[in-house]
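S.K.: Take a look and give me a structure for this.
(chains A and B)
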Amino acid sequence: MLRYALKRGLMAVLVAITVSVATFFLLDSAGDPAVAIAGPDAPRETIEQVRRQYGFDRPWPVRYTEWAAGVARGDLGQSFLRRQPVAELIATYAPVTIKLAFSALLVTILIAVPLGVAAALKPNSGVDRLALSAAVAAQALPSFWLGLVLIVVFAVTFPIFPVSGDDTWKHFVLPALVLGTTSVPAVMRLTRTGLLDVMASDYIRTARAKGFMGLQLILRHALRNALLPVVGVLAVQLGHKLGGSVITESVFALNGLGRLSLEAIVGSDIPTLQMLVFVFALTFVALTFLVDVLNAWLDPRIRLG
Amino acid sequence: MQYRFLRQLRRLAAVAALASVAGAAVAGKANNTLNVAFPREVVTLDGLYSNLRENDILSLVVDDVLYTVDPATLQPVPLAALSHKIVDDRTIDVELRRGIKFHDGSELTAEDVAYSYTWTINPRSGTNFPRRIFFWLESATATGPYTVRFKLKAPYSMFFYDLVYHSKIRKKGAYHKADGSIDPTAQSLKLNSTGPYRVVEFRPGQRIVLQRFRDYRKDSPKSVAQIENIVIRTIPDWSTQAAEAMSGGIDWSYQMPHEIAADVAKSGRAIHLSGPSMRIGYIVMDAVGRHQPKNPFTNVKVRQAVNHAIDRNAIARKLAGGESAALNVACNPAQFGCVDDARKYEYSPQKAKALLAEAGYPNGFETEFWAARERPVMEAIVNQLGQAGIKAALRYVKGPTLSKAIKDNQVVIYYGSSGSFSVPDAGAVMGDKFTQESDENYTGNPEVGRLVAAALNSYDQKVRRENFRKAIHLIADQAYWAPVYRYSEEYVLSKDAHFDAPKDGMQRLYLIRWK
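M.R.: Reported below is the predicted structural model:
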């Protein structure tokens, strides 16, 4: 088990390094950081002076090595736009995104798992088709549109929730619904498929023979096993929500990492953008690693295969 | 196409809100707090280090400088200054008003003013305005406790306007640490200034809370602010701003697209105002051949063809809306010196085609049209150029990318815009775009630069007007630009708030009152 974990850990580190190199190279090619710092109206001499002062005139591999060494020391760089340490910025904006991501994940679970169970209990029935249609519809809706519709209904027409902001738990209800809905189809389908497989297995037949029926059978015996692969998908979905809430945070004016990313893109704030992409990638890599290890621990066929 | 579809979807959502009939939430009047929405993030309180309009608006509320612009006459009037004396055409003495207090309770002195200007022109300060101030200011020195002498490098007619919009006054030593080292970020998060409001909370990019400054002078030309608190939030999405306005969450916002703001007003829950703006939009062509020496735009007939190809009225009326209007000159006709009697190019694709044929392009030509804002307008322009035979591919980029491309001589035709910092003087835009030193001067005609410089360097308004007139006529005759339209400023405000759309498009929050 330890060997497996180490192997996966090494893979995760390599992926993280590759992502950081690719991000650095792509961002370096995308814009001129000297212009971003000096300002669009700065004279050419000032831009050249900034380029020399910050060392942008050196080749990117040299600058990447410096950046990576800084990150290793805990120095995440300085935002061009805000003239603040990037670490401070991320620490300020991350709590909102984390709160939103977990709230959205809760919404996903609360909608997708019961729908998946209902669909699996009566496969190919009207309930199954309705659940599938609802899931597909939820996936098809653009999140900004769904967000605006929810605002119109629940904040303007019936002022139950606030339109925007992130001061209280109420501010997170509508954005969590928007962000959570997008993951419903994947989780619902996996719950349905997993449950159908488990329901056809021998131990469920035995449980039935022992007299376990209905919800007791589903909840105590079938669902536990059927949800194992779902946990893996939820971990990936959590990664998506932590790094993919740009639109939702913009629509609801939430001050999270998504908003910070958008502002960094608009303002050509390359150090912030570089670090945010790296943090999102690291989150994905860490979550995937954890799921791999968890699955291997639960299922010996994975680690021995 | 996709962009248009998304825009329609967003608008649909905003329009859907109009159907709602529930009562509005409690607006800011109840607690004497003006809730303001900004579309872009304010990341520093220090207006010296930002070129965002949001920072300009904030600075007008928290910073008092030597002069301010009277919103009625649009003329500079003394603010922290008491009077001035023009000693000679390069020396101006300014006497300060006594008893002006910083937000920390200390009194404003000449030493503070001299320090502030010396800091601004210090190349190490890294402010956003060194070029603007540096090009005319040689030094600022305190000649007494309340008198400051400004030495100019050359006579400069825009002196007072630059004091209004391109400088800030800080306490002496504000950017210096105890050990003598400098800290340009010293005022970013905690500002000590002299304006009618002081900052009581600042979360960069998120929220600013302002409170009326108790020690603010009662006889200020800015008048005494009537609203106790101002809370500014960043809400980047226009539809969200519209919903906030309709639910009573915000009392004032600006720059909302005209069609959304009009829809908000139709709901009866908020007011929509359109007002004039100093901002103008124009097409610049590479007449001098900076990018390619033999590019088509070096031919005056091609540039005139571009001018005939643009349907300015349709763009202003149907796309921009509000107070927008067609533009025919290289400045805003609301500005001093901006005569509107230069050669006009009426919309005529036929004339454009004929001119292209005369220039040796009977089948038109292909080019790349660079732009960084107002995408729907850019699509319309590209389409209109196409109808005249100029097959332009739209290269839509971010502002800094376009600026860099211009500096690096990579563009032959682009769309630019200038807000003139809301200064009602043609020098504000022409001084930026047509002096010999300007990166954006694509004319290659030294006479244009000479005329503009002559207007900038004279205090005689007749001389200035005449030089501007000649420059404007020359630019129009040679079709160096294809002026497109004058912008409109859009405001959405609570029904409880009283706000007059400013004539110069400069938003002064301290003038807002409750009805």
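
S.K.: touching chain A at all, stretch B:239-250?
M.R.: Yes - looking at stretch B:239-250 against chain A by CB under 8 Å from any CB of the partner chain, the contacts come from B:239-240, B:243-244, B:246-247, B:249. No exception for glycine: its C-beta is placed from N, CA and C like everyone else's.

S.K.: Oops, could you answer that again for stretch B:189-201 instead?
M.R.: No - judged by CB under 8 Å from any CB, stretch B:189-201 and chain A are separated, with a smallest distance of 8.6 Å.

S.K.: Narrow the residues of stretch B:239-250 next to chain A to those in strands?
M.R.: Per DSSP state E, strands hold no members of the residues of stretch B:239-250 next to chain A.

S.K.: which of those count as buried?
M.R.: In the residues of stretch B:239-250 next to chain A, burial by neighbour count holds for B:239-240, B:243-244, B:246-247, B:249, counting by 16 or more other CB atoms under 10 Å in any protein chain shown.

S.K.: for those residues, which one is nearest A:Val62?
M.R.: B:Thr240 (43.3 Å; CB to CB).

S.K.: I'd say the closest one and A:Gly165 touch.
M.R.: No - using CB atoms under 8 Å, B:Thr240 is not in contact with A:Gly165, being 10.0 Å away.

S.K.: Next, show the common contact partners of the two.
M.R.: A:252-253 (CB atoms under 8 Å, 6 or more residues apart in numbering or on different chains).

S.K.: need the helices for the stretch 401-515 of chain B, in chain order.
M.R.: Here the stretch 401-515 of chain B has its helices, by DSSP state H, counting those that start in this stretch, at B:426-433, B:446-456, B:461-477.

S.K.: With respect to burial, which of those helices scores highest?
M.R.: helix B:426-433 (a mean of 26; mean count of other CB atoms under 10 Å in any protein chain shown).

S.K.: what does that one contact?
M.R.: Here helix B:426-433 makes contact (CB under 8 Å, 6+ apart) with B:157-158, B:161, B:278, B:280, B:330-332, B:335-338, B:416, B:418, B:420-421, B:438, B:440-441, B:452, B:455-456, B:464, B:468, B:471-472.

S.K.: pLDDT averaged over that helix - what is it?
M.R.: Mean per-residue pLDDT for helix B:426-433: 93.

S.K.: same check, this time on stretch B:377-390
M.R.: Stretch B:377-390 comes out at a mean pLDDT of 97.

S.K.: what comes up buried for that stretch?
M.R.: B:377-382, B:384-385, B:388-390.

S.K.: One more: stretch B:493-512?
M.R.: B:493-494, B:496-497, B:499, B:501-512.

S.K.: what's the first-to-last distance across that stretch?
M.R.: 10 Å (CA to CA, to the nearest Å).

S.K.: Is there any residue in it that contacts chain A?
M.R.: No - Stretch B:493-512 lies out of reach of chain A by CB under 8 Å from any CB, never closer than 14.4 Å.

S.K.: what's the spacing between the most centrally placed residue in chain A and A:Leu177?
M.R.: In chain A, the centroid-proximal residue (CA atoms, centre = their mean) is A:His240; its distance is 2.1 Å. Remark: distance between A:His240 and A:Leu177 (CB to CB, to the nearest Å) = 16 Å.

S.K.: Surely B:Asp89 is in contact with B:Ser157?
M.R.: No - with contact defined as CB under 8 Å, B:Asp89 does not reach B:Ser157; the gap is 10.1 Å.

S.K.: Comparing these two, which residue is more hemmed in?
M.R.: B:Ser157 (21 against 13; other CB atoms under 10 Å in any protein chain shown).

S.K.: and the next element down the chain from the least confident helix or strand in chain B by mean pLDDT?
M.R.: Ranked by mean pLDDT, DSSP states H and E, the weakest helix or strand in chain B is helix B:2-16, scoring a mean of 48. Next along the chain after helix B:2-16, taking DSSP states H and E as the criterion, comes strand B:33-38.

S.K.: Show me what that following strand is packed against.
M.R.: On a contact count with 3 or more CB pairs under 8 Å, 6 or more residues apart in numbering or on different chains; DSSP states H and E, strand B:33-38 meets strand B:229-234, helix B:238-247, strand B:252-254.

S.K.: Please render the ones you listed as a markdown table that adds distance to A:Asp57 to the earlier fields.
M.R.: Shown next, in a markdown table, are those (distance: least, CB to CB, whole Å):
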| stretch | distance to A:Asp57 |
| --- | --- |
| strand B:229-234 | 35 |
| helix B:238-247 | 40 |
| strand B:252-254 | 40 |
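
S.K.: In CSV, list these along with mean pLDDT.
M.R.: As requested, the helices and strands packed on strand B:33-38 are exported to CSV (pLDDT from 0 to 100):
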stretch, mean pLDDT
strand B:229-234, 96
helix B:238-247, 94
strand B:252-254, 96
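
S.K.: so does the longest strand along chain B get close to chain A?
M.R.: Taking DSSP E as the assignment, the strand of chain B that covers the most residues is strand B:270-285. No - on the criterion CB under 8 Å from any CB, strand B:270-285 is out of touch with chain A, staying 11.6 Å away.
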